[in-house]
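Undergrad: Whatever this is, show me its structure:
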Amino acid sequence: MDLTVNNSTNPDVRVTLFAELQDGSFKAKVMTETDVPYAPYWEDEVEQLVVYIAPNEEQLGAILAALNERRLPFKRLQDYGSAAGGTSTIPV
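TA: Take a look at the predicted model:
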């Protein structure tokens, strides 16, 4: 199944911060681009990625489920976002 989400658009650029945690699970939070921390957002994270997408709650849940079930590679998340606007189709 593919999931189509809106890409972020200016002037209030919204991004999704994704993180892989030490236990192998994933977390995510949608926030404005200016709120993205330089330091780890979650205490037990191994790696974090910023993706220029603005999913709704249901879409974010589907993306996290795909990550946690290993159907969506964490390293490929940035392939799906664009600050130029439009939409992205994410294979979940």
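Undergrad: For residue 22, give me its contacts.
TA: Contact analysis of residue 22 by C-beta atoms under 8 Å, 6 or more residues apart in numbering lists 44, 45, 46. C-beta: built from backbone N, CA, C; applies to glycine.
Undergrad: cutoff 6 Å now
TA: Residue 22 sits next to 44, 46 when contact means C-beta atoms under 6 Å, 6 or more residues apart in numbering.
Undergrad: Could you tell me the model confidence score at it?
TA: With respect to pLDDT, residue 22 has a value of 98.
Undergrad: Pull the number of nearby residues for residue 25.
TA: Counted with other C-beta atoms under 10 Å, the neighbours of residue 25 add up to 12.
Undergrad: So which residues of this structure form strands?
TA: 2-6, 14-21, 26-32, 45-51, 87-91 (DSSP state E).
Undergrad: Residue 81: neighbour count?
TA: Neighbours of residue 81 using other C-beta under 10 Å come to 20.
Undergrad: ignore the last one, residue 28
TA: For residue 28, the count of nearby residues is 21 (other C-beta under 10 Å).
Undergrad: Kindly report the same for residue 41.
TA: Per other C-beta under 10 Å, the neighbour tally for residue 41 reads 17.
Undergrad: quick one, what contacts it?
TA: Residues near residue 41 by C-beta under 6 Å, 6+ apart: residue 17.
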